[in-house]
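Colleague: need a 3D model of the sequence below.
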Amino acid sequence: MVQQYVRGQVLRLLGGVLLPDTSSNKMKLMFLPLLEDLDFARRLSWGSAVLACLYRAMCRGSYADQSEIGGYLVLLQIWVWERMPTISPLRRQLLEMPSEQQDPDVPFRLDGPLGYRWNVAFNVHHVSTRVARVYRCQLDTLVDTSRRFLWKPYTDGILAILPQMCTVGHDIWTARVPLICFDVVEWHLPDRYLGCTSRSHCSW
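Modeller: Purely as a prediction, here's the structure:
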């Protein structure tokens, strides 16, 4: 019974958060066999599948006749907030939450992934909501990318305070490999990003 509830929660997480489509309330049955053996499911590369579906959703969402978009948009939103200060909202409190097991060599330690820093109250007077024209204008005027776009948000200091679960496998973060989720195959091309950082005098 416990495993049945776990499968239900995982399925809800996949269909409602990580891999949603534009239907808002439907889940593809192709994920069900993957949850039959939970020990096997935990060894799958779910992160690669999430990125593949997000890349595909962004591609389809750029069509002129497309009015909706799927994919893990929270991840995309945090990605933008971390790199574009002119678009990100102002936080009304400190970003980092101290941990009971704080390392004395670092000033603070995150209790979760980097995106957890945005789980704070915002200054509503500096947050644009449902105003696509504002965001389009800011993106169109993004000329001096060396100052208005953070090419290296994950500094050594940031990586040092992340939990170990967030840095496992860091040696393959820049691998040029296909991201696969059943019929969705998208390439992970970090070399394009690395080329931009080198031209901007920023090291990875």
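Colleague: where does the chain have low pLDDT?
Modeller: Low-confidence segments of the chain (pLDDT under 70): 92-110, 124, 126-130, 143-147, 193-204.
Colleague: can you rerun that using 50?
Modeller: For the chain, applying pLDDT under 50 flags the ranges 196-204.
Colleague: can you give me the distance of the spatially most central residue of the chain to Val50?
Modeller: By Cα atoms, centre = their mean, the chain has its centre lying nearest to Leu75, at 2.7 Å. As judged by Cβ to Cβ, to the nearest Å, Leu75 and Val50 stand 7 Å apart. Quick note: C-beta positions are derived from backbone N, CA and C, even for glycine.
Colleague: contacts only, for the residue nearest to the centre of the chain.
Modeller: Residues in contact with Leu75 (Cβ atoms under 8 Å, 6 or more residues apart in numbering) are Val50, Leu54, Gly115.
Colleague: in helices only, show me those residues.
Modeller: Cross-referencing those against helices under DSSP state H gives Val50, Leu54.
Colleague: the contacts of Leu75 into JSON lines, with extra columns for distance to Leu34?
Modeller: Below are the contacts of Leu75 laid out as JSON lines (distance: Cβ to Cβ, whole Å):
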{"residue": "Val50", "distance to Leu34": "14"}
{"residue": "Leu54", "distance to Leu34": "19"}
{"residue": "Gly115", "distance to Leu34": "25"}
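Colleague: most neighbours among the contacts of Leu75, which one is it?
Modeller: With neighbours taken as other Cβ atoms under 10 Å, the top of those is Leu54, carrying 24 neighbours.
Colleague: leaving out sequence neighbours, find the closest residue to it.
Modeller: Of all residues not flanking Leu54 in the chain, Gly71 sits nearest, at 3.9 Å (Cβ to Cβ, 6 or more residues apart in numbering).
Colleague: then Asn123?
Modeller: Leu90 (4.2 Å).
Colleague: number of residues surrounding the one you found?
Modeller: Neighbours around Leu90, by other Cβ under 10 Å: 11.
Colleague: quick thing: my sequence starts at 155, can you match it?
Modeller: Okay, residue one is now 155; in that scheme the one you just asked about reads as Leu244.
Colleague: where along this structure do the strands fall?
Modeller: In the chain, the strands defined using DSSP state E lie at 331-335, 338-342.
Colleague: tell me which of those strands sits nearest to Leu316.
Modeller: Nearest of the strands of the chain to Leu316, taken as Cβ to Cβ: strand 338-342 at 20.4 Å.
Colleague: which residues sit against the closest one?
Modeller: Ser202, Ala203, Leu205, Ala206, Cys207, Tyr209, Arg210, Ala329, Arg330, Val331, Pro332, Leu333.
Colleague: from Met212, how far out is the residue nearest to the centre of the chain?
Modeller: For Leu229, the distance to Met212 - Cβ to Cβ - is 11 Å.
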